[in-house]
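A.B. asks: My questions are about this predicted structure, shown below with the sequence.
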Amino acid sequence: MLIKVYGSAVFGIEATTITVEVNIDKGVGYHLVGLPDNAIKESNYRIAAALQNIGYKIPGKKITINMAPADMRKEGSAYDLTLALGILAASDQIKSNGIEEYLIMGELSLDGGLQPIKGALPIAIKAQEEGYAGFILPKENAAEAAVVSGLKVFGVGNIKEVIDYFDAGVPLKQTLVDTQKEFYKHMDDPAFDFSDVKGQESIKRCMEIAAAGGHNIILIGPPGAGKTMLAKRLPSILPPMTLNEALETTKIHSVVGKVRNQGLMGQRPFRSPHHTISSAALVGGGSYPQPGEISLAHNGVLFLDELPEFERRVLEVMRQPMEDREVTIARAQYTVTYPSSFMLVASMNPSPGGYFNDPDAPVTSSPAEMQRYLGRISGPLLDRIDIHIEVTPVPFEKLSENRKGEDSSTVRKRVMEARKIQNGRFMEMGNLHYNAQMGTKQIAKFCVLGDASKELLKNAMKRLNLSARAYDRILKVARTIADLDNTESIQESHISEAIQYRSLDREGWLG
């Protein structure tokens with residue numbers, strides 16, 4: 001008897017429906033075809049033990065299973081439940097009425113229990129698009145899949161529940177999620193708040209400008225100055241994600257199995273990989289390409305602590321995704337594209353010893369050592385970082401005072417107002433949403449300077465020996481400062497403040 005059961009495969013962040021055809025005939029043998037990987041080939045052992053432990057068995061006949069389309073590579077253990085139900089239905093051990101109307105996925109334990117799977121959200125979206133009556137999957141993934149409206153999601157803990165549903169009509173409990181409520185639940189509850197930071201008012205201002213314009217930023221300072229503390233609080237002042245952004249971000253995290261027992265992600269991601277990370281782990285890759293840290297930071301913040309300690313070749317592969325805001329990974333059989341629109345926040349010490357060129361510092365470095373240390377970061381990468389700011393240690397008087405600083409929600413309101421201005425400005429420009437994304441044409445159109453501002457910028461570039469690449473960056477940052485001030489034109493004060501944020505462009509900069 002031939003039975004068809006439906007599962008799904010995830011490539012990139014999109015799902016493709018897989019038809020599992022199970023045919024049982026006279027003879028002996030178990031044949032699984034359709035380019036399954038080793039995890040799927042081993043499924044017959046898990047299925048046999050699971051069925052035996054709940055009172056069923058794999059029939060001693062010739063079983064042929066085809067996973068169509070047969071020319072597409074299938075991987076992972078998430079097809080166990082699909083295959084097991086197909087075998088039971090094809091051998092007439094259970095009724096199969098309506099089984100083809102459901103998408104079924106899950107990894108089996110030997111006692112019949114179900115283990116969570118990866119990619120539940122993109123699979124649910126595909127099931128809804130193709131009009132399936134429901135999606136049956138492990139209960140740990142049910143909340144994740146249930147954010148898709150128009151699809152019935154049934155989270156189950158054991159294969160026996162699914163068998164009883166099809167064979168005896170015992171109803172399954174539908175998982176219901178209020179998408180709007182889930183989305184807003186954690187939005188205004190950040191783990192870190194700017195009010196925790198003592199002093200560093202100029203750096204907070206810098207972070208506010210970076211958040212308002214979507215600018216990449218690098219913090220340079222000695223150990224203990226608060227660079228990491230400030231970076232961790234940046235997501236708390238970024239504008240809340242839109243529903244579409246939250247859905248796309250959750251899909252990426254779902255693919256790598258990082259969304260469990262929760263629905264939609266309400267807060268922007270913050271990723272902080274260790275400096276020993278490989279290029280494949282950073283941008284994505286592997287035999288079966290998986291998203292890297294830059295994609296997991298999509299719509300959020302990627303924090304690279306101690307930037308010069310990262311391998312240079314690892315940092316260089318990040319340059320193109322920073323420009324394109326997506327990364328394409330090509331393999332012989334297929335190509336996948338992952339979105340990677342993130343804000344880069346980097347931090348570094350000004351020297352190998354960690355301190356500025358200060359004779360009173362515990363560890364000092366010569367000017368040559370400091371320049372060599374800074375030279376580990378390539379010019380093209382620095383060219384993609386709009387704001388460079390020096391972070392100095394907080395004095396004792398500031399650390400010991402009880403007065404709390406401005407909280408994140410207050411700063412976020414100003415950032416959102418500035419972003420609102422930018423959204424209106426770039427409304428008819430497709431994928432352009434904030435100032436950091438401006439190209440040469442947009443800079444020429446929206447960053448017009450008066451004579452006094454031009455003269456100020458000209459003198460600054462001469463006196464401070466600023467490089468040519470600093471020119472566009474200064475104009476972008478000045479445009480954002482003007483937006484925070486709700487000013488149509490860029491003033492001299494905006495230019496002068498933006499000039500301060502190009503420390504590493506100064507010729508002979510030593511900290």
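C.D. replies: Received, thanks. Numbers count the residues shown, from 1 in each chain.
A.B. asks: any weak-confidence spans in the protein?
C.D. replies: 182-190, 353-365, 396-397, 399-400, 505-511 (pLDDT under 70).
A.B. asks: just checking, what's the longest helix in it?
C.D. replies: helix 408-425 (DSSP state H).
A.B. asks: in the helix or strand following it, what's buried?
C.D. replies: Counting by DSSP states H and E, the next helix or strand C-terminal to helix 408-425 is helix 440-446. Going by neighbour count (16 or more other Cβ atoms under 10 Å), the buried part of helix 440-446 is 442-443, 446. (Each C-beta comes from the backbone N, C-alpha and C, glycine too.)
A.B. asks: helices or strands up against the longest helix of the chain?
C.D. replies: helix 201-213, helix 469-484 (3 or more Cβ pairs under 8 Å, 6 or more residues apart in numbering; DSSP states H and E).
A.B. asks: Can you point out the buried residues in the longest one?
C.D. replies: When neighbours are counted by 16+ other Cβ under 10 Å, the buried residues of helix 469-484 are found to be 470-484.
A.B. asks: In CSV, could you pull the C-alpha coordinates for it?
C.D. replies: Extracted in CSV, the C-alpha atoms of helix 469-484 (Å, rounded to 0.1, in the frame of the first residue of the first chain):
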residue,chain,number,x,y,z
ARG,A,469,37.4,58.9,3.5
ALA,A,470,36.5,60.9,6.6
TYR,A,471,34.6,63.5,4.5
ASP,A,472,31.5,61.5,3.7
ARG,A,473,31.4,59.9,7.2
ILE,A,474,31.5,63.4,8.9
LEU,A,475,28.6,64.6,6.7
LYS,A,476,26.5,61.5,7.5
VAL,A,477,27.0,61.8,11.2
ALA,A,478,26.4,65.6,11.0
ARG,A,479,23.1,64.8,9.2
THR,A,480,22.1,62.5,12.1
ILE,A,481,23.0,65.1,14.7
ALA,A,482,20.9,67.7,12.9
ASP,A,483,18.0,65.2,12.9
LEU,A,484,18.3,64.7,16.7
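A.B. asks: Could you tell me the angle between that helix and helix 201-213?
C.D. replies: Taking axes from the mean of the first three to the mean of the last three Cα atoms, to 10 degrees, one finds that helix 469-484 is oriented at 90 degrees with respect to helix 201-213.
A.B. asks: from the chain's centre, how far out does helix 469-484 sit?
C.D. replies: 27 Å (Cα atoms, centre = their mean, to the nearest Å).
A.B. asks: how about the strands in the stretch 101-250 of the chain?
C.D. replies: Along the stretch 101-250 of the chain, the segments classed as strands by DSSP state E, counting those that start in this stretch run 102-104, 107-108, 114-115, 134-138, 152-156, 217-220.
A.B. asks: Note down every partner strand of the last one and its orientation.
C.D. replies: Paired neighbours of strand 217-220 in the sheet (DSSP bridges): strand 343-348 (parallel), strand 387-390 (parallel).
A.B. asks: could I get the helices and strands packed on helix 408-425 as a markdown table with distance to residue 349?
C.D. replies: Shown next, in a markdown table, are those (distance: least, Cβ to Cβ, whole Å):
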| stretch | distance to residue 349 |
| --- | --- |
| helix 201-213 | 16 |
| helix 469-484 | 22 |
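A.B. asks: Out of the ones you listed, flag the one nearest residue 381.
C.D. replies: Closest of these to residue 381 is helix 469-484, at 11.5 Å (criterion: Cβ to Cβ).
A.B. asks: and the angle from the next helix or strand after the closest one to helix 469-484?
C.D. replies: Next along the chain after helix 469-484, taking DSSP H and E as the criterion, comes helix 492-500. Taking the same axes, to 10 degrees, one finds that helix 492-500 is oriented at 130 degrees with respect to helix 469-484.
A.B. asks: List of residues touching helix 492-500?
C.D. replies: Residues from elsewhere that reach helix 492-500 (Cβ atoms under 8 Å, 6 or more residues apart in numbering): 449-450, 452-453, 456-457, 460, 464, 466, 474-475, 477-479, 481-482, 485, 487.
A.B. asks: hmm, 7 Å instead?
C.D. replies: 452-453, 456-457, 460, 474, 477-478, 481-482 (Cβ atoms under 7 Å, 6 or more residues apart in numbering).
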